[in-house]
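Okay, here's the prediction I keep looking at, along with the sequence it came from:
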Amino acid sequence: MNGVHDMGGMDGFGKVEPELNEPMFHAEWEARVLAMVRAMGAAGAFNIDTSRFYREMLPPHIYLSSSYYRKWLLGLEDLLIDKGYVATGEVAAGHALEAAKPLKRGKFRLDDVERIMVRGKFGRPAPAAAKFKAGDHVRAKNIHPATHTRLPRYARGHVGVIERDHGCQVFPDSAATESGENPQWLYTVVFDGAELWGPDADPTVKISIDAFEPYLEAA
Amino acid sequence: MTGHDHDHHHHDHEHSELSETELRVRALETVLTEKGYVDPAALDAIIQAYETKIGPHNGAQVVAKAWSDPAFKRSLLDDATKAVSTLGHVSRVGDHLVAVENTPQRHNMVVCTLCSCYPWEMLGLPPVWYKAAPYRSRAVKDPRGVLTDFGVSLPKDTEIRVWDSTAETRFLVLPMRPEGTDGWSEQQLAELVTRDSMIGTGFPKTPGA
């Protein structure tokens, strides 16, 4: 979706402000939100792409004015309500009001913690041969899916070169809407700065994205 | 979908955004616990694991080893997941880690314009600036300007390669080894490696600095 989360190339957000000796969390609740998102995902309530999609669906003014973990909280609430794990009104009441919906992998327990500290595997067997190889010129398609996609707007319509092939991986555009993993080849595609940003771009800059095969066409 | 249009009205009144958020987080945790979805002790353990097991010290050990051991450096650049998994003392790493090498000709910088993708196991949880709009919007369009915000300047003709982490691939920058470190042990070298030098928004510390 063409949301405000797709920020690459936007102007007006000001300077980057690094914080000296930044703590891991700025408040205790941030850590609780992180832990709840990881636990409910691991228990099978949602996959990582769906959780990203729900943060992207927050209204633009909320997305832009909320802190990072506040966005995680709001996205998590919406997701759990939509999927039927939490009933509307339960958070406001501060208590369970309705029966629980069974989780795919059951309650998240202490002995589940170790497995979630290693990232999941997204590589999958290839359903078909790769269409592209390193060195090929490709154009990022001019597409505007209304749901989750990982093709940033700034790359659409532009020509780059395939640099690496990462094998076949879970396709976020499908996984986010729970339409299956639909594995697709994944490539690093490199663009010249001028191809993306026009003749005034810094000539020393190259930008790469990791693009799934359905995002690309031969150029 | 639930609407959030009411949100910004709340915090003007009796609660700050923080306390409203705090209450809401507690309420959600209570609901998830009462419904039998999560064990609060398991949530505590997740937080503790993040606080103790991951962090830039993991990435720093990998970089220091690459600086000291040419064979390891080759295998790191060839397949970082495999290379890092051979180091027993570094926390286990998931698939899809890619290490990219800075040279006098080329400087690498990593961003996630769409959200906040970051090599957690190598660098810990990302800092706020990495997840915020100024960095995400400008890193791909004006990386030199962004580096200026960090007090970093590169020679005019150095190529800047920005890696937008748009999939599950995670990127670790292998910075250049500082001069004046001949004969240093891996442990000494690791102390020079900063988090930002592994994102590409900084350099390693120099000896004596």
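Yep, that arrived.

which stretches of chain B form helices?
Assigned by DSSP state H, the helices in chain B fall at B:7-10, B:17-34, B:40-52, B:56-68, B:70-78, B:80-85, B:120-123, B:128-131, B:133-138, B:143-149, B:186-190, B:195-199.

can I get the CA coordinates of the last one in PDB?
Output in PDB follows, covering the C-alpha atoms of helix B:195-199 (Å, rounded to 0.1, in the frame of the first residue of the first chain):
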ATOM      1  CA  ARG B 195      27.600   0.100  16.500                       C
ATOM      2  CA  ASP B 196      27.400   2.900  14.000                       C
ATOM      3  CA  SER B 197      30.500   1.700  12.100                       C
ATOM      4  CA  MET B 198      28.600  -1.500  11.400                       C
ATOM      5  CA  ILE B 199      25.500   0.400  10.100                       C
END
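
got a list of contacts for it?
For helix B:195-199, the surrounding residues in contact (Cβ atoms under 8 Å, 6 or more residues apart in numbering or on different chains) are A:18, B:56, B:59-60, B:63, B:109-110, B:122-124, B:127, B:130, B:150, B:172-175, B:202-204. Any C-beta I mention is one placed from the backbone N, CA and C, and that applies to glycine too.

List the contacts of A:Gly8.
Applying Cβ under 8 Å, 6+ apart, the residues near A:Gly8 are A:152-154, B:111, B:113-114, B:136-137, B:139-141, B:164.

Helices along chain A, start to end?
Per DSSP H, chain A carries helices over the ranges A:28-42, A:48-56, A:60-65, A:68-82, A:90-93, A:113-116, A:172-175, A:193-197.

Now for chain A, the helix or strand with the poorest mean pLDDT.
For chain A, counting by mean pLDDT, DSSP states H and E, helix A:113-116 ranks last in confidence among helices and strands (a mean of 90).

could you say what helices and strands that helix packs with?
helix A:28-42, helix B:40-52 (3 or more Cβ pairs under 8 Å, 6 or more residues apart in numbering or on different chains; DSSP states H and E).

In that helix, which residues are buried?
Going by neighbour count (16 or more other Cβ atoms under 10 Å in any protein chain shown), the buried part of helix A:113-116 is A:113, A:116.

Stretch A:22-30 too?
A:25, A:29-30.

and it, anywhere near chain B?
Yes. Using Cβ under 8 Å from any Cβ of the partner chain, stretch A:22-30 reaches chain B at A:22, A:24, A:26-29.

So what touches that stretch?
So stretch A:22-30 is contacted by A:31, A:34, A:67-69, B:18, B:21-22, B:25-26, B:50-51, B:124-125, B:127-128 (Cβ under 8 Å, 6+ apart).

what do you get if the cut-off is 10 Å, keeping everything else the same?
Residues from elsewhere that reach stretch A:22-30 (Cβ atoms under 10 Å, 6 or more residues apart in numbering or on different chains): A:19, A:31-34, A:67-70, A:72-73, B:18-19, B:21-26, B:28-29, B:47, B:50-51, B:54-55, B:124-129, B:195.

Check those for burial and list the buried ones.
A:31-34, A:67-70, A:72-73, B:21-22, B:24-25, B:28-29, B:47, B:50, B:54-55, B:124-129, B:195.

about what we covered before: least reliable of the helices of chain A by average pLDDT, please.
Among the helices of chain A, helix A:113-116 carries the lowest mean pLDDT, a mean of 90.

now that helix, how far from the chain's geometric center?
Centroid separation for helix A:113-116 versus its chain: 21 Å, with Cα atoms, centre = their mean, to the nearest Å.

what does it contact?
Counting contacts by Cβ under 10 Å, 6+ apart, the residues outside helix A:113-116 that touch it are A:35, A:38-39, A:41-43, A:108, B:39, B:41-49, B:53, B:92.

Are any of those buried, and if so which?
Buried subset of those (neighbour count, 16+ other Cβ under 10 Å): A:35, A:38-39, A:41-43, A:108, B:39, B:42-43, B:45-47, B:49.

Can you list the low-confidence ranges for chain B?
Under the criterion pLDDT under 70, the flagged ranges of chain B are B:1-18, B:88-93.

In it, what residue comes closest to chain A?
B:Gly94 (2.6 Å; Cβ to the nearest Cβ).

surely that residue meets A:Ile48?
No. In this structure B:Gly94 lies outside contact range of A:Ile48 using Cβ atoms under 10 Å: 11.8 Å.

shared neighbours, these two?
By Cβ under 10 Å, 6+ apart, the residues touching both B:Gly94 and A:Ile48 are A:119-120, A:122, B:168.

Tabulate those residues in CSV, adding columns for distance to A:Ala92 and neighbour count.
Below are the shared contacts of B:Gly94 and A:Ile48 laid out as CSV (distance: Cβ to Cβ, whole Å; neighbours: other Cβ atoms under 10 Å in any protein chain shown):
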residue, distance to A:Ala92, neighbour count
A:Arg119, 35, 19
A:Gly120, 33, 15
A:Phe122, 36, 24
B:Glu168, 35, 23
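
Go through the buried residues of stretch A:22-30 and name the one nearest B:Asp69.
A:Phe25 (35.1 Å; Cβ to Cβ).
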